[in-house]
Structure formats: structure tokens, C-alpha cells
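# Need coordinates for the following:
(one chain, ligands or ions: 1)
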Amino acid sequence: MSNTGRDSSSFAKDLDRRTFFQWLLLGITVAVGLLATAAFAIPFILYLMGSLRKRNTLWVNLGPIDKFPVGETRLETFANPLGQPWDGMTANTGVYVRNLGKNGDGNEQFVVFSVNCAHLGCPVTWFPQSGLFMCPCHGGVYYENGERASGPPPRGLYQCAWQLRDGKLEIQAPHYPTLQNPLKDRG
Ligand code: FES
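Predicted coordinates for the structure are as follows:
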């Protein structure tokens, strides 16, 4: 075989090798690009799905409004429909309902407090004698209107959204409230 023949054959091999590595590099670049896109897109899609789920509000029926005497605060417990099958007993939660009576337009007014302390979430207890909510964990105290009175809580009790339907009081199923994600903005 002549030198020219050997040269052209090794040139062809070099070309094949170069083409192979170019395709390999392209393949790796595309794969990394797809992974990076997925890393950004998946959280965004989950966020959108979460927003859609949020719009699908679940309401909990607490019963006829005459269960709640005007000017009193009552604890109402229920199984939270936001719970998961594996939550067990922890899906049972409660709220404090205070009937404020009728407003100037003759409409019944309520305030519904989460049982979770605004500090670290321990369930608070209502003491009608003193007109205070007290937290057993770190001594947080709240007035009867839910405002913080003393102790470590950074704010007043969280409030649930409520509505009246056919003479019954309904509340928006409460998730675990936090400063970043309260149940209802108190303003
Ligand atoms: S959890 Fe209530 S004061 Fe800390």
C-alpha cells in the first residue's frame, strides 16, 4: 500500500473519531440542557398545581349558628378534610368560634380562631373567667379578640375564613398556619 493510501485511511479514521466525539458532545449538551430545564420547570409546575388546588376551597360545616351564643367563645372540633389518611389522630383539629352578634346591617358576625398558637403551634386554651387564651408551651397569652397579650408569640391568633350557608356556620378548612402562610390576612 502506498503512503498516500495509508494517509487517506488514517485521515478517514480521524474524521470518524472526530464526528463521534462531536455527536457525543452534542448529546451530553442536550441531556444537560434537558436536565436543567426540568430542574426549573418541575418546581414551577408543582407551584401552579398548588395554586389550582388552593382555589378548590374546602369548607367545614360547624353546625347551626344558634350553637354559638352571642358574646361567647366555644371550642369546635372536627376532622380536617385537608388531612391525609396517614395523619391519624392529628387530622382532628379545632377552632374557637366567637359569636359577635349582628352588625348594623343585621348580619351575624363571627370570628373564628385557629387553636394553634402563633409561636410554635401548640393548641391554646380559652379561659372564659379571665377572658384570655393561654398557651401551655411557652406562656403565650392572647386577649379574647385574639390579639397578642404577652409571651413569645410574634402576632395574634390566626383567624379562619368563615361563611354562613342555610343558617349554618362554615369555615375554610384550616391548614397549619404560619407567618408566611396565615389562614386569613388580619390586616
Ligand atoms: S407555642 Fe405557644 S408560646 Fe410557644
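# any idea which helix or strand carries the residue nearest to Asn116 when sequence neighbours are not counted?
Nearest residue to Asn116, sequence neighbours excluded (C-beta to C-beta, 6 or more residues apart in numbering): Pro177, at 5.9 Å. From N, CA and C alone the C-beta is placed, and that goes for glycine too. Following DSSP states H and E, there is no helix or strand that holds Pro177.
# who touches Pro177 in this structure?
By C-beta atoms under 8 Å, 6 or more residues apart in numbering, Pro177 lies in contact with 114, 116, 118, 158, 183.
# make it 7 Å
Going by C-beta atoms under 7 Å, 6 or more residues apart in numbering, Pro177 touches 114, 116, 158, 183.
# Just flag the most distant two among these.
Pairwise distances across these peak at 9.3 Å for Asn116 and Leu183 (criterion: C-beta to C-beta).
# overlap in contacts of the two?
Overlap of the contact sets of Asn116 and Leu183 (by C-beta under 7 Å, 6+ apart) consists of 158, 177.
# quick one on the thing from earlier: looking at the contacts of Pro177, which is nearest the ligand?
Nearest to the ligand, judged by C-beta to the nearest ligand atom, of those is Asn116 at 8.3 Å.
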